[in-house]
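# Predicted model, plus sequence, below.
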Amino acid sequence: MERILIIGANGQIGSELVDALAARHGERNVIAADIGAASAHGAARYVQLDVLDRARLARLVDDEAVTQVYHLAALLSATGEQMPLKAWHLNMDGLLNILEVARERGEAGRPLRLFWPSSIAAFGPHTPADATPQHAVMDPASIYGISKLAGERLCEYYFARYGVDVRSLRYPGIISYKSPPGGGTTDYAIAIFHAALRGERYDCFLCPDTTLPMIYMPDAIRATIELMDAPMERVAIRSSYNLAGISFSPRELAAAIAGALPGFRIAYHPDGRQDIAASWPHSIDDSQARRDWGWQPRIGLAQLVGDMLEHVDAGATA
Ligand code: SER
C-alpha cells in the first residue's frame, strides 16, 4: 500500500494529482499539503506545510508513514523574474529538503519514491529548438530555468550517490481549467480561453508565431503516474525526461478558438515574457520516455480546445 504526500497540492498540477491519486490509492492514503491554511480544491486530507521547514516535513513523512512524495511547490517563470531570490530559495531549498529527507529515510531502510517536476524552461537559447533532444546544450536564461537545471543535476546526484529513487519530467506548458493561471509564460494558453468565453478580445503577451511545446492536463497527469509506476530498471534517466504533447503558437491557438467561437479576437502586446519564451524550444523529442516506459501522448489541439471551451469557468479570474 502506498502512502502519498503531495506538496504544492493547491497548485495547477497538484490539484489534479490529488484527485487522480486518491482515485487510485484511496482518499485516506493521499495527503495534500500546501502553504495555505486550507485545501483550495476540497482535498479529503490536507495539512498546512511550508516545504522550507525541513524538520516539520520530516516529521510529517514519519508520522504518516509516507512512501511517495510529489514535490510540486515552486515559483514559475514569470513570477520568478519578479522575485528572483525568492524563486531560487523556494525552488532549490524546497527540493534539497525533500531530497535530504528521502536520503535519510533510505539510509534508515524506509526508502521514499520521489517525483519532482522539471520544465522546458531548463533549456536555453543555444539548445536546438526543434525536436530538442534528451541530451542537449542547456543554458537557461530565467531564474526559474536555472533552478530547474540545477534541480535536475541534484536529482541525478542523489540517485547516483545515495540511491534516492527520484523521478522527473520536463513538462511542457500545461493547459488546464481547474486552477487559474499561476505565473507561467505558457499560461497565455489558459488565459486566452477565459477571455474568449467572456466574449472579450485577448491581449496576448507573446508574439503570434512563438511556438512552444504544450500538453493537456490529462496527458500530463497520466505521464506523471506512468513514470512513477514504472519499475526501477525502466527509469534510465534520473535527471529529467523530455516529455511532449503538442506544439502550437498563439496564432494557431487563436485560430482554433475562433473556429469554435466566431468573432473571437486577439491582439499582440509582447512583454518580458516573450524574451523567456523565445529562449525555449519549439518542440521536444521525447523518444527516450517512449522507449523506456512506454509514453504516448493522446490529446491533440482540436480536442484540447473543445474540452477547454466546455469546462473553463469564464467567471474565474485569468
Ligand atoms: N509552464 C511553465 C512556465 O511557463 C514552464 O514550466 O513557467
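Everything's here; your move.

# Check which helices and strands the longest helix belonging to the chain sits against.
The single longest helix within the chain, with elements called by DSSP state H, is helix 143-162. Judged by 3 or more C-beta pairs under 8 Å, 6 or more residues apart in numbering; DSSP states H and E, the packing partners of helix 143-162 are helix 77-82, helix 84-88, helix 94-107, strand 113-119, strand 165-171. For glycine as for every other residue, the C-beta is placed from the backbone atoms N, C-alpha and C.

# nearest to residue 37, of these?
helix 94-107 (19.0 Å; C-beta to C-beta).

# What residues of the closest one count as buried?
By neighbour count on 16 or more other C-beta atoms under 10 Å, the buried set for helix 94-107 is 94-106.

# do the same with stretch 287-302
Taking 16+ other C-beta under 10 Å as the neighbour-count basis, stretch 287-302 is seen to contain the buried residues 288, 289, 290, 292, 293, 295, 297, 299, 301.

# mind listing which of those are in strands?
Using DSSP state E, no member of the buried residues of stretch 287-302 falls within strands.

# farthest-separated two in the residues you listed?
Greatest spacing in the buried residues of stretch 287-302, by C-beta to C-beta: 292 and 301 (26.4 Å).

# before we move on, back to that, just checking: which of the buried residues of helix 94-107 also lie near the ligand?
Among those, not one lies near the ligand by C-beta under 6 Å from any ligand atom.

# Distance of residue 228 relative to the ligand?
Remark: distance between residue 228 and the ligand (C-beta to the nearest ligand atom, to the nearest Å) = 19 Å.

# Got phi/psi on that residue?
Residue 228 has phi and psi values of phi -70, psi -30 when expressed as degrees, to the nearest 10.

# for it, what are its contacts?
The neighbours of residue 228, taking C-beta atoms under 8 Å, 6 or more residues apart in numbering as the test, are 68, 113, 115, 167.

# CSV please, covering the residues you listed and showing distance to residue 138 and neighbour count.
Compiled in CSV, the contacts of residue 228 are given as follows (distance: C-beta to C-beta, whole Å; neighbours: other C-beta atoms under 10 Å):
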residue, distance to residue 138, neighbour count
68, 28, 20
113, 25, 19
115, 21, 23
167, 19, 23
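
# which one of those residues is nearest residue 275?
Set against residue 275, the nearest of these by C-beta to C-beta is residue 115 (29.9 Å).

# wait, isn't that closest one in contact with residue 168?
Yes: shown here, residue 115 and residue 168 form a contact pair, counting by C-beta atoms under 8 Å, at 6.9 Å.

# quick one on the thing from earlier: with pLDDT added, can I get the buried residues of helix 94-107 in JSON lines?
Formatted as JSON lines, the entries for those read as follows, by pLDDT from 0 to 100:
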{"residue": "94", "pLDDT": "98"}
{"residue": "95", "pLDDT": "98"}
{"residue": "96", "pLDDT": "98"}
{"residue": "97", "pLDDT": "98"}
{"residue": "98", "pLDDT": "98"}
{"residue": "99", "pLDDT": "98"}
{"residue": "100", "pLDDT": "98"}
{"residue": "101", "pLDDT": "98"}
{"residue": "102", "pLDDT": "98"}
{"residue": "103", "pLDDT": "98"}
{"residue": "104", "pLDDT": "98"}
{"residue": "105", "pLDDT": "98"}
{"residue": "106", "pLDDT": "98"}
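
# In the stretch 51-200 of the chain, where is pLDDT below threshold?
Of all residues in the stretch 51-200 of the chain, none has pLDDT under 70.

# let's go with 80 and repeat that
181-182 (pLDDT under 80).

# Enumerate the residues of it near the ligand.
76, 77, 119, 121, 144, 171, 173, 184, 185, 186.

# Residue most distant from the centroid, the protein?
Among the C-alpha atoms of the chain, the one farthest from their average position, using C-alpha atoms, centre = their mean, is that of residue 263, at 32.4 Å.
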